[in-house]
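Asks: how does the following fold in three dimensions:
(chains A, B, C and D)
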Protein chains: 2
Amino acid sequence: MTTRPARGGQNPTMDQVAEAAGVSRATVSRVINGAPSVDAKIREIVQRAIAETGYVPNVAARSLVTRKSNSVALVISEPDRPFDSSFLNRIFTDPYFGRITAGATSALRPHDIHLVIIPTDSTDHHHVIRYLRQGHVDGVLLISSHEQDPLPRQVHELGIPAVVSARPASPLAVSFVDVDQRLGARLAAEHLLARGCRRLATISGPLDMPSSQDRLDGFRSYLANRGIGDVPAVEGDFTRHGGEASARRLLGEHPDIDGLFVASDLMSEGALRAVQDLGRRVPDDVAVVGFDDSSAALDCRPLLTTIRQPVEEMAAEMAEVLMARIAAPGRLPRSVTFQPTLVIRESA
Amino acid sequence: MTTRPARGGQNPTMDQVAEAAGVSRATVSRVINGAPSVDAKIREIVQRAIAETGYVPNVAARSLVTRKSNSVALVISEPDRPFDSSFLNRIFTDPYFGRITAGATSALRPHDIHLVIIPTDSTDHHHVIRYLRQGHVDGVLLISSHEQDPLPRQVHELGIPAVVSARPASPLAVSFVDVDQRLGARLAAEHLLARGCRRLATISGPLDMPSSQDRLDGFRSYLANRGIGDVPAVEGDFTRHGGEASARRLLGEHPDIDGLFVASDLMSEGALRAVQDLGRRVPDDVAVVGFDDSSAALDCRPLLTTIRQPVEEMAAEMAEVLMARIAAPGRLPRSVTFQPTLVIRESA
DNA sequence: TCGGTGCAAGAAAGCGCTCTCAGGCGGAAA
DNA sequence: TTTCCGCCTGAGAGCGCTTTCTTGCACCGA
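Replies: Numbers count the residues shown, from 1 in each chain, chains lettered A, B, ... in the order given. This next block holds a predicted model:
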């Protein structure tokens, strides 16, 4: 293929290709879109003409008639944050969102679909809604983890194909992908128990997230069934710094803790630091189990034992479900739940 | 404004608004685009009709005629990596790229322009070129740091507005934004010298990056002018793990090193770990200065003294320069160089 | 009163593409 | 040879919008 720079920024049109090939515009269109009913000889002539003119379809014209944009939005909704640069920084620096982006990008790539990443807070929803209604994208991957977030419902009412990253707090006929949070918490509890820990505690995620509630609840209720009640918990914020502060507080109030379940790896990194600063050895004095198995788990010392959730695969699955939904909008919503696994390293 | 869900996924068209308002389509268009020559009374009638019908312009139709898409691409070009999921993971998890994304997003937001993030390796350039030629975006922010990367030139030849993240290796009439790398290296050297360090060494970035060469060269030549020659250096890869390995190697070969300049914070984190594992105290036995001042600098223990490059501001500036270029394509290329600063914490 | 002027609104021509529909041509059957 | 059928190609409408050009109208000066 001869790649030739567009002259004057002006790409050739399909008409010019048609003329060069001595056929009609319709035939060129058929060749480009792979219609089977084109004579092989003509097809080749057209393809040569396309190569020679350096023709590239104009996507605006194409989507005007097909009503497809070949891109999807990845909307990251964090309702409570003010929309400032530190908010953006936290979003784009958080390994969790990074893994989601990576997973979605890689799944979308073979479909030749591009991702538009849209972070949003609650003051900003109307922008997002407008963006979606304008037809910029064919569908939405919606990362929304907070209970009160109205965005999933709003997007659903728009009628645009969407897949949400977690089971919606209130029932909604929408596709979602999630991990079995309670099972994850239970795996952590089992492992700590098996190590011989008896004075357990946990640092949860923000409690306005159903996932945080499920992890906390799953942890406590499993232990309760094993006769261990009154498990101390403090609410964290999914940051390193928050994890450090929470661990410090927990150990201050309950100095005899010997096992800690922390609801994210990032928080675990901070917690590990606090525990060791307080003179406890990990895992001998205090065993720590994280959650996520993100790259942060390998940045910890000792290396973090953690509950793996396959975030990339989950995001890829979201993308696939979305693709299916775009292809066949009539179909019933589909939800997929992934199983977490225990990854044993050094911290527990 | 009455926000009303599109019935059946079908948005109202401008014709319907025109009919509802009892005016022509042209007038509706003028109202929407803020043309001054519309009677105030009619303007209001039209606006009411827009609100009542829940009209939202169709972007495909609009860009077909305006030849604007209101989005720009952020192309992250890492030539040597195979395009697999671990590549994507590294890209989207690296705080450097995260900061760039955050900075660009925040600068573009007031312009109502959206970002399409496109990671690419060298096997993939034709995809990117095709994407750009199809008119998906109005311009490109190109993150390309490797000397041999042909993408900047290819994009430039496309004639599409573009801004590159670093001075191109070979002269190219293209706008770019960069930081004064040599000055950064010099600040690090000065600081280490001022602390009393005399046996200095450095972990550089990959040497096929002009920025890495500049940091290395700037470091060495400043020291040479101060009578310190033969400064050992090993080539790193901008990962934590690479930093750890490099530091280990460096201290193995030169056990008397008392000051270390590491070309990124991520590598510094690993280096700090290696240095301390080897039984040296930081900063007393070995002082360490990083580069970036990313969030990783605060994850280090001791907290990392580092050379700050204002990545978010640089990305924002790239976005602004690009906007200006899109608005006035004729203008001469513009390049902006930012000054790095020394941020003193605990490690040096 | 009449012609000229200026301004606001409408008519209509595309933007580049897809896709339906109709037409033409060749081959097979009679 | 004629008729019919089926397959391939071309003509043309139309996607929803912007924008130029034209028209209509009110107002002013002569």
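
Asks: how about the contacts made by the residue of the stretch 151-300 of chain A found nearest DNA strand C?
Replies: Per C-beta to the nearest atom of the strand, residue A:161 is where the stretch 151-300 of chain A lies closest to DNA strand C, at 18.0 Å. The way it works is simple: take the backbone N, C-alpha and C, and place the C-beta from them, glycine included. Listed by C-beta atoms under 8 Å, 6 or more residues apart in numbering or on different chains, the contact set of residue A:161 reads A:138-140, A:322, A:325-326, A:329.

Asks: inside strands: which ones of those residues?
Replies: Mapping the contacts of residue A:161 onto strands (DSSP state E) picks out A:139-140.

Asks: show the buried residues in the contacts of residue A:161.
Replies: Neighbour-count burial (16 or more other C-beta atoms under 10 Å in any protein chain shown) applied to the contacts of residue A:161 gives A:138-140, A:322, A:325-326.

Asks: so which of the residues you listed are also by DNA strand C?
Replies: The subset of the buried ones among the contacts of residue A:161 within reach of DNA strand C, by C-beta under 7 Å from any atom of the strand, is empty.

Asks: ok, these vs residue A:237, which is closest?
Replies: Ranked by distance to residue A:237 (C-beta to C-beta), the buried ones among the contacts of residue A:161 are led by residue A:140 at 26.1 Å.

Asks: ok, the closest residue to the closest one other than its chain neighbours - contacts?
Replies: In space, and not counting its chain neighbours, residue A:140 is closest to residue A:162: 4.3 Å by C-beta to C-beta, 6 or more residues apart in numbering or on different chains. For residue A:162, the contacting residues are A:139-142, A:152, A:155-156, A:174-175, A:322, A:325, by C-beta under 8 Å, 6+ apart.

Asks: for residue A:37, same thing?
Replies: Taking C-beta under 8 Å, 6+ apart, one finds residue A:30 in contact with residue A:37.

Asks: separation between it and DNA strand C?
Replies: The gap separating residue A:37 from DNA strand C is 9 Å, by C-beta to the nearest atom of the strand, to the nearest Å.

Asks: hang on, the earlier thing: can I get the contacts of residue A:162 in TSV with pLDDT?
Replies: Output for the contacts of residue A:162, formatted as TSV (pLDDT from 0 to 100):
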residue	pLDDT
A:139	96
A:140	97
A:141	98
A:142	97
A:152	94
A:155	94
A:156	93
A:174	92
A:175	95
A:322	96
A:325	93
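
Asks: redo these as CSV? Include distance to residue B:88.
Replies: Formatted as CSV, the contacts of residue A:162 follow (distance: C-beta to C-beta, whole Å):
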residue, distance to residue B:88
A:139, 20
A:140, 20
A:141, 15
A:142, 20
A:152, 26
A:155, 25
A:156, 29
A:174, 26
A:175, 23
A:322, 18
A:325, 23
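
Asks: tell me the predicted confidence for the closest residue in space to residue A:95 that isn't next to it in sequence.
Replies: Excluding the flanking residues, the one nearest residue A:95 by C-beta to C-beta, 6+ apart is residue A:294, at 4.2 Å. Residue A:294 carries a pLDDT value of 92.

Asks: contacting residues for residue A:294?
Replies: Contacts of residue A:294 (C-beta under 8 Å, 6+ apart): A:95-96, A:99, A:264-266, A:311, B:93.

Asks: farthest pair in these?
Replies: A:264 and B:93 (14.6 Å).

Asks: and those two? Which one has more around it.
Replies: Each of residue A:264 and residue B:93 has its neighbours counted (other C-beta atoms under 10 Å in any protein chain shown); residue A:264 has more, 32 against 21.

Asks: okay but the more buried one is in contact with residue A:238, surely?
Replies: Yes - between residue A:264 and residue A:238 there is a contact under C-beta atoms under 8 Å: 5.1 Å.

Asks: which residues do these two both contact?
Replies: A:96, A:205.

Asks: off-centre distance for stretch A:113-121?
Replies: 11 Å (C-alpha atoms, centre = their mean, to the nearest Å).

Asks: give the buried residues for stretch A:319-337.
Replies: Buried-residue list, stretch A:319-337, by 16+ other C-beta under 10 Å: A:319-323, A:325-326, A:336.

Asks: which one of these is nearest residue B:204?
Replies: Using C-beta to C-beta, those come closest to residue B:204 at residue A:319, 37.8 Å.

Asks: so where do the helices sit in chain A?
Replies: A:14-21, A:25-32, A:40-53, A:59-66, A:85-93, A:95-108, A:125-133, A:151-158, A:181-194, A:210-225, A:240-253, A:265-277, A:296-299, A:311-327 (DSSP state H).

Asks: distance to residue B:119 for those helices - can I get that in CSV?
Replies: Formatted as CSV, the helices of chain A follow (distance: least, C-beta to C-beta, whole Å):
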stretch, distance to residue B:119
helix A:14-21, 31
helix A:25-32, 27
helix A:40-53, 28
helix A:59-66, 20
helix A:85-93, 14
helix A:95-108, 7
helix A:125-133, 23
helix A:151-158, 26
helix A:181-194, 30
helix A:210-225, 28
helix A:240-253, 26
helix A:265-277, 23
helix A:296-299, 21
helix A:311-327, 14
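
Asks: can you tell which of those helices is closest to residue B:89?
Replies: Taking these one by one with C-beta to C-beta, helix A:95-108 is closest: 4.6 Å.

Asks: buried ones in that closest one?
Replies: So for helix A:95-108, counting by 16+ other C-beta under 10 Å, buried means A:95-108.

Asks: over to stretch A:30-42?
Replies: So, applying 16+ other C-beta under 10 Å, buried residues of stretch A:30-42: A:30-32, A:38, A:42.

Asks: where is pLDDT lowest across those residues?
Replies: Within the buried residues of stretch A:30-42, residue A:38 has the lowest pLDDT, namely 88.

Asks: so how far is DNA strand C from it?
Replies: As judged by C-beta to the nearest atom of the strand, residue A:38 and DNA strand C stand 12 Å apart.

Asks: let me see the contact set for residue A:146.
Replies: Applying C-beta under 8 Å, 6+ apart to residue A:146 gives the contacts A:77-80, A:206, A:208-209.

Asks: chain A against DNA strand C: which residues are in contact?
Replies: Residues of chain A lying close to DNA strand C (C-beta under 7 Å from any atom of the strand) are A:13-15, A:25-26, A:29, A:32-33, A:55, A:57-58, A:61-62, A:64-66.

Asks: which of these has the largest number of neighbours?
Replies: Going by other C-beta under 10 Å, residue A:55 tops the residues of chain A next to DNA strand C with 23 neighbours.

Asks: which ones are touching that one?
Replies: Residue A:55 neighbours (C-beta under 8 Å, 6+ apart): A:11-14, A:16-17, A:49.

Asks: return the closest of the residues you listed with respect to residue A:223.
Replies: residue A:11 (64.7 Å).

Asks: low-confidence stretches in chain A?
Replies: Of all residues in chain A, those with pLDDT under 70 make up the ranges A:1-9.

Asks: distance check, the spatially most central residue of chain A against DNA strand D.
Replies: Closest to where the C-alpha atoms of chain A average out (C-alpha atoms, centre = their mean) is residue A:100, at 3.3 Å. Distance of residue A:100 to DNA strand D, computed by C-beta to the nearest atom of the strand: 32 Å.

Asks: contacts only, for the residue lying closest to that residue once chain neighbours are set aside.
Replies: With C-beta to C-beta, 6+ apart as the criterion, residue A:100 has its nearest non-adjacent residue at 4.4 Å, and that residue is residue A:315. With contact set as C-beta under 8 Å, 6+ apart, residue A:315 has these partners: A:99-104, A:107, A:141, A:165, A:177.
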